[in-house]
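Enquirer: Turn this into a structure:
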Amino acid sequence: MIGTTAAATLIFPTMEHTPGEEIDDASAIDFALMTRIGAGDHEAFRQLVERHQNAVVGTVTKMLGNHSDAEDIAQQVFLRIWRNARRYQPDAKFTTWLYTITRNLVFNETRRRGRKKEVSADEREETARHVIEDSPEYRPDQELLQNELRAAVDQAIAALPETQRMAVVLRRYEQLPYEEIAVILKLSVPAVKSLLFRARTTLREALAAYLDEV
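Expert: Numbering: from 1, shown residues only. So this is what the prediction gives:
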């Protein structure tokens with residue numbers, strides 16, 4: 001069975017990078033590209049899309065649960081960037097603006113659909129039964145357990161309320177700092193931390209079957 005530490009790492013992994021020169025350099029590149037895009041440079045726009053499209057598509061996919069829809073929303077995100085490039089002011093990291101646009105379009109889409117994704121306890125238990133068997137003959141290797149746990153984590157995240165889900169996706173997958181998530185979600189940093197705490201509690205409860213018994 002996968003240990004509690006391993007499971008918690010998959011839910012909220014330790015940040016592997018620290019604020020510093022690398023982030024500053026990345027922001028400088030984005031700012032330079034946006035200046036060129038504002039002047040109508042199509043090549044700069046292509047480069048910007050290549051730099052960020054995977055992150056945008058991945059974020060939208062995890063929010064909406066549909067890759068095809070995610071690609072459509074991502075196109076809308078970058079179309080808005082192109083249309084508003086001349087008015088762009090580098091008073092914050094480009095990714096903050098990027099994910100703010102993404103948040104707005106995703107929230108609009110989920111509200112348009114009136115869709116509320118929920119995962120029942122029975123579904124979680126059924127998933128758990130595929131991973132954890134009582135039979136002594138069944139001993140899946142660690143890699144299989146990790147893969148199954150990742151799928152269960154994604155499923156549990158999809159069941160979170162909209163704002164909690166966005167906060168978790170930005171923190172877990174995009175590894176954004178609390179301060180940047182706060183700007184994107186229009187919340188205070190303490191509110192973001194509280195939001196993530198509630199989400200973490202919910203996820204741990206949903207994934208209880210995967211944790212070692214104390």
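
Enquirer: how about the helices of this structure, start to end?
Expert: 4-11, 21-38, 42-64, 67-84, 94-113, 121-131, 142-158, 162-172, 178-185, 189-206 (DSSP state H).

Enquirer: Which other helices and strands does the last one contact?
Expert: Counting by 3 or more CB pairs under 8 Å, 6 or more residues apart in numbering; DSSP states H and E, the packing neighbours recorded for helix 189-206 are helix 4-11, helix 142-158, helix 162-172, helix 178-185. In this view, the C-beta of every residue, glycine as well, is placed from N, C-alpha and C.

Enquirer: M166 and N104 touch, don't they?
Expert: No. Applying CB atoms under 8 Å as the test, M166 and N104 come out as separate, 10.8 Å apart.

Enquirer: So which of these two has more stuff around it?
Expert: M166 (24 against 14; other CB atoms under 10 Å).

Enquirer: I'd like the distance from the closest residue in space to the more buried one that isn't next to it in sequence to L48, if you could.
Expert: Excluding its sequence neighbours, the residue lying closest to M166 (CB to CB, 6 or more residues apart in numbering) is R103, at 6.0 Å. Counting by CB to CB, to the nearest Å, the gap from R103 to L48 is 19 Å.

Enquirer: How many neighbouring residues does E180 have?
Expert: Neighbour tally, E180, other CB under 10 Å: 20.

Enquirer: Chain neighbours aside, what residue packs nearest to the most centrally placed residue in the chain?
Expert: In the chain, the residue lying closest to the centroid (CA atoms, centre = their mean) is V169, at 2.2 Å. Spatial nearest neighbour of V169, excluding adjacent residues (CB to CB, 6+ apart): K62 at 4.9 Å.

Enquirer: How about the contacts made by that neighbour?
Expert: D154, I157, A158, R165, V169, Y173 (CB atoms under 8 Å, 6 or more residues apart in numbering).

Enquirer: Next one: the third one relative to T100, how far apart?
Expert: It refers to A158. According to CB to CB, A158 stands 22 Å off from T100.

Enquirer: Kindly report the same for A191.
Expert: For A191, the distance to T100 - CB to CB - is 16 Å.
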